[in-house]
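> Please work out how this folds:
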Amino acid sequence: MKVVIIGGVAGGASAAARLRRLDESAEVTIYERSGYISYANCGLPYYIGGVIRDGSELTLQTPESFGSRFNVGVYVRHEVTAIDLQKKCVNVKNLKTGGEFSDSFDKLIIATGAKPATFSVGGLDVKGVFTLRTVEDTFAIKNYMLAEKPSSAVIAGGGYIGIELAENLIESGIKVTILQRPKQLLAPLDEDMAALVLSKLKKEGCEVKLGASVKAFERTGDGLFCRLADGTSLPCDMAVAALGVVPDSALAVAAGLKSGIKNSVAVDGHMRTSHPDVYAVGDAVEVDHFVTGSKALISLAGPANKQGRIAADNICGIPSVYGGSQGSSVIKVFDMTVATTGINERTAAAAGIDCKAVILSPASHATYYPGARNMTMKVVFESSTAKILGAQIVGCEGVDKRIDVIATAMRAGLKGNELAALDLAYAPPYSSAKDPVNMAGFMIENVMNGLVKLCSFGDIAGAMQNGGAFLLDTRTEGEYAAGHAGGFVNIPLDCLRARLSEIPAGKKVYVMCHSGMRSYLACRILMQNGFDCYNFSGGYAYFRAVLSGTGMPQSMLSCGKEC
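All right, here's what the predicted structure looks like:
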């Protein structure tokens, strides 16, 4: 059996290695148009920033080591220019010599990945303007920095690559401006959670302009400029277009293979395309979203590696099936960690799913053990069934552990309330006896049992501006005096039973405390006394952070020493 693989990196290299482990006699050939067969794509920004100092560490396997270990023909700087499905062959161009030849296959795996999106932005070929997708891109940016010593940079795009690159450029002493066309950073997050990331970037000295659409980059006698759609321009010493990625599917489309969304390659659960002997894996393909079941594009290394393995299994007669992607991801933002899995509230609403979300601000470990830091967790679940739809966590230590637990629970089919029963490891340096994941489960359990009703940031903001609800702050008088949300009346929790007469009957009551615990206790008192009350589970700390990161009027805060 002869297998040709177009593309290396995650999907293609994983497929080749798995093929060899399953079939020692198979003839396996990889054609990769870059100079690197298997490299740490996600580590590229950290080489630019100097965290990874040796460029060779980005290369997981050299063409020689990979070919030798797996007995695979590895041809870098070789670009497949066409696929002939009738003749079952590919046309290949040697990018070093310019020579062209044809190679036949019994089975073909397309692992062409994704390419940087451009959205018709002009001037991407101007000196000092870069994209970041390959090792070659990385070296080009690093060499430019060493030669030109830029003091300012514009990054067009506030997704994962844009933010990681911004951090590394700032750490290198470069002033950075992120231009983001949508009104929030990091699309997998809801706006409230993305606001926490925005606040962090601003605190670290990064300028962020939301709703800013880049039209073109231009170099004049006065230097490099970024032209915006609104007619303004920003001078800079270098620029990176990190506008996202699109499937690099031109070969598959030209060959007549069935297309999916956004010209991706359509595949079945076995990673087989519309041709029985052709498979496709990685960023070029559409997948079933694990949560919604709808078609999705999820460009992540983990799914690509799994898909490469599954394609190889099926070629070798093992009926493996890809179970869909849920988009679990994590990003470092200076000393902050941001993680997500599944879908957010916005996506759920677009899919017609009636959902709720609990928000909590637990400590990373027992608060009596030194070094505990709070994180903000948001768990989204289906209103009628408590099915976990997704989670978002912003914090420092312990964020990755909690998102992985929730991602695993989702894959296992656990309901949100069943998070309460998980038996998780505990010691004071690592967690609390009631782990944050357990706490989220308790909260969902209370909602499903009707013990508490929730209100959102939008509900609070609306009531502050338009009335319609009594706003109650149950923190201590000192906490309230230090800073509180405008329009909230302070009745400390421990005084609440004696002061129920101060709360108007027949009116909704929105209750807030610092983190959501005391407000929950207050809601239990109020509900059992006949009040229609709603807990703001995120608390004042969350409210203040979101307010500062969304550009809403700061007059919504009554500031004391905290402000």
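> Contacts for the helix or strand encompassing Tyr542 next, please.
Tyr542 belongs to helix 539-550 when elements are defined using DSSP states H and E. By Cβ atoms under 8 Å, 6 or more residues apart in numbering, the list of residues contacting helix 539-550 from outside reads 191-192, 194-199, 202, 359, 361, 374, 376, 457, 460, 473, 475, 479, 483-485, 512-516, 519, 536, 538, 554, 556-557, 562. Heads up, the C-betas are built off the backbone N, CA and C, glycines and all.
> One more pass at 6 Å, please.
For helix 539-550, contacts defined as Cβ atoms under 6 Å, 6 or more residues apart in numbering pick out 192, 195-196, 198-199, 361, 376, 457, 485, 512-516.
> Closest one of those to Ile403?
Nearest to Ile403 among the contacts of helix 539-550: Thr376, at 12.4 Å, using Cβ to Cβ.
> now the helix holding Tyr542, how far from the centre of its chain.
On the basis of Cα atoms, centre = their mean, to the nearest Å, helix 539-550 is displaced by 21 Å from the centre of the chain it belongs to.
> Rounded mean pLDDT for stretch 67-78, please.
If you average the pLDDT over stretch 67-78, you get 94.
> show me where the stretch 401-550 of the chain has strands.
If you assign secondary structure with DSSP state E, counting those that start in this stretch, the strands in the stretch 401-550 of the chain sit at 469-473, 483-485, 489-490, 508-512, 533-535.
> To Arg309, which of these lies closest?
Nearest to Arg309 among those is strand 533-535 (45.0 Å), distances taken as Cβ to Cβ.
> Off-centre distance for that closest one?
Using Cα atoms, centre = their mean, we find the averaged C-alpha position of strand 533-535 to lie 31 Å away from the chain's own average C-alpha position.
> same question, stretch 308-325
Relative to the chain's own centre, stretch 308-325 is displaced by 25 Å; criterion: Cα atoms, centre = their mean.
> How many neighbouring residues does the residue nearest to Glu502 when sequence neighbours are not counted have?
On the basis of Cβ to Cβ, 6 or more residues apart in numbering, the spatially nearest residue to Glu502 that is not a chain neighbour turns out to be Ile491, at 6.4 Å. The criterion is other Cβ atoms under 10 Å. On that basis, Ile491 has 21 neighbouring residues.
> Please apply the same query to the one 3 residues further on.
The burial count assigned to Asp494 is 11, neighbours taken as other Cβ under 10 Å.
> now swap in the one 5 residues further on and tell me
By other Cβ under 10 Å, the residues close to Arg499 number 11.
> Surely it is in contact with Ile491?
Yes: at 5.2 Å, Arg499 counts as touching Ile491 under the criterion of Cβ atoms under 6 Å.
> Dump the contacts of helix 539-550 into a markdown table; add distance to Val330 as well.
Rendered in a markdown table, the data for these read as follows (distance: Cβ to Cβ, whole Å):
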| residue | distance to Val330 |
| --- | --- |
| Asp192 | 19 |
| Ala195 | 19 |
| Leu196 | 15 |
| Leu198 | 18 |
| Ser199 | 19 |
| Ser361 | 19 |
| Thr376 | 15 |
| Phe457 | 24 |
| Ala485 | 31 |
| Met512 | 30 |
| Cys513 | 29 |
| His514 | 27 |
| Ser515 | 23 |
| Gly516 | 24 |
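> and these, which two are the farthest apart?
Using Cβ to Cβ, the pair of the contacts of helix 539-550 lying farthest apart is Leu198 and Cys513, separated by 24.5 Å.
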